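> coords please:
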Amino acid sequence: MSIPTSTSVVESAVIKAPLSHVWHHIKLQDFSDFWSDLKSSQFVKGTSDETQIVQWVFNDGTQLEVKQEEHSTINHYITYSVITAKPELSYSSVLSTIRCYAVTSGDLENSTFIEWTGNFSSDADASVIQDAKFKRRDALADLAKAATKK
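Numbering: from 1, shown residues only. I've put the predicted structure just below:
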């Protein structure tokens, strides 16, 4: 019997670096530059120039092809979906968004608030949501290290 669960995940962090330093890293093809769980991230050859598809290869051998669905340099967010996976995923779909905001006042002024959401299909179980939660937390910690390097 499966455990009823929410099919969304939201993880966030405050990175003690200006928005421009953080946003610079938020390109699907560059995620392996900061995310220690990724062995590589690169554009998939042979796809349309109008479609940005990137292959992420994780250290454990998992391969995902992610498609950029939306991108805004004005509002500082990207949205992407997983379109193929090896091994096959246990759920039908996921749509994720990474959004950055400048912290403009207070003790953390000149920092960046970042939020990484994932909305999964209804067939995702609790273990999928937990895995997504911890992967996002690890990636945000890695991003903070990369964005604050001098």
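
> how about residues contacting the longest helix along the chain?
Ranked by residue count and defined by DSSP state H, the top helix of the chain is helix 126-147. Outside of helix 126-147, the residues within contact range by C-beta atoms under 8 Å, 6 or more residues apart in numbering are 2-3, 5-9, 11-13, 15-17, 21-22, 24-25, 31, 33-37, 90-91, 94, 112, 114, 116, 118, 120. C-betas here are computed from N, CA, C, even on glycine.

> rounded mean pLDDT for that helix, please.
Helix 126-147 carries an average pLDDT of 96.

> likewise for stretch 73-93?
pLDDT averaged over stretch 73-93 gives 96.

> for Gln130, grab the count of nearby residues.
12 (other C-beta atoms under 10 Å).

> if we can go back for a sec, CA atoms only: put the longest helix of the chain into CSV for me.
This file holds the C-alpha atoms of helix 126-147, laid out as CSV (Å, rounded to 0.1, in the frame of the first residue of the first chain):
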residue,chain,number,x,y,z
ALA,A,126,6.7,9.6,-1.2
SER,A,127,10.2,8.3,-2.0
VAL,A,128,10.3,10.3,-5.2
ILE,A,129,9.3,13.5,-3.4
GLN,A,130,11.8,12.9,-0.6
ASP,A,131,14.6,12.2,-3.2
ALA,A,132,13.7,15.4,-5.0
LYS,A,133,13.8,17.4,-1.8
PHE,A,134,17.2,16.2,-0.8
LYS,A,135,18.7,16.5,-4.3
ARG,A,136,17.5,20.1,-4.4
ARG,A,137,18.9,20.9,-1.0
ASP,A,138,22.3,19.4,-2.0
ALA,A,139,22.3,21.3,-5.3
LEU,A,140,21.4,24.6,-3.6
ALA,A,141,24.3,24.1,-1.1
ASP,A,142,26.7,23.4,-4.0
LEU,A,143,25.4,26.5,-5.8
ALA,A,144,26.0,28.6,-2.7
LYS,A,145,29.6,27.5,-2.6
ALA,A,146,30.1,28.2,-6.4
ALA,A,147,28.4,31.6,-6.2
